[in-house]
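**Q** generate coordinates for the sequence data below:
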Amino acid sequence: MASCGGRGKSRRLSSSVPRRYPTALTDRSGNMASFVQLVEFETDDIEACKETLEKFLGEHPDVITSSSSTWTEDRERRGTYVSIIEFPSYEKAMEQSNSAEMTEMTQRLGRLIKGPARFRNLDVISVMKL
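**A** Numbers count the residues shown, from 1 in each chain. Next comes the predicted model:
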């Protein structure tokens, strides 16, 4: 049985949880994603942001070390977005982040967003696909 911890407490998940659910998030190659970055930002022109990213990806496909990227919009705060970026490791995330090409792209996006983006750097400890 799997267990859940929280604030020093541990509890067992019900034995009724089917074992068919894997407890690890994997990328397209079957490797576990071990690092996720959340980037929250505000913009009045999300289409321009998406076009900027798509152009960058076309120009610099070898710079990308992430395995996936999902863009979301906050339902309660329209114009506020969160990009969820999965990486195979923290090191791969830093490799992408520290490239000169990514710095240039970040500057391009910076002209399209309001204020500074906010980052959350998260180590993946468990994921249950349902």
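
**Q** contacts and neighbour counts: CA atoms only from here.
**A** OK.

**Q** pLDDT score assigned to residue 6?
**A** Listed pLDDT for residue 6 reads 45.

**Q** one more: residue 127?
**A** pLDDT at residue 127 comes out at 82.

**Q** go on, residue 11?
**A** At residue 11, pLDDT is 42.

**Q** give me the distance from stretch 91-108 to the chain's centre.
**A** 15 Å (CA atoms, centre = their mean, to the nearest Å).

**Q** mind listing what's buried in that stretch?
**A** Neighbour-count burial for stretch 91-108, counted by 16 or more other CA atoms under 10 Å, picks out 92, 93, 96, 97, 101, 102.

**Q** one more: stretch 50-66?
**A** Buried-residue list, stretch 50-66, by 16+ other CA under 10 Å: 52, 53, 56, 63, 64, 65, 66.

**Q** in three-state terms, label residue 101 for me.
**A** helix (DSSP: H, G, I helix; E, B strand; the rest coil).

**Q** I'd guessed it sits against residue 62; true?
**A** No: taking contacts as CA atoms under 8 Å, residue 101 lies outside contact range of residue 62: 10.1 Å.

**Q** the residue positioned nearest the centre of the chain sits in which helix or strand?
**A** With distances taken as CA atoms, centre = their mean, the residue of the chain nearest its centroid is residue 85 (2.1 Å). Taking DSSP states H and E as the definition, one finds residue 85 inside strand 80-87.

**Q** what sits up against the helix or strand just after that strand?
**A** Next along the chain after strand 80-87, taking DSSP H and E as the criterion, comes helix 90-97. With contact meaning CA atoms under 8 Å, 6 or more residues apart in numbering, helix 90-97 is reached by 34, 35, 63, 64, 65, 66, 87, 102, 103, 123.

**Q** sort out for me which of the residues you listed are in strands.
**A** 35, 87, 123 (DSSP state E).

**Q** lovely, talk soon.
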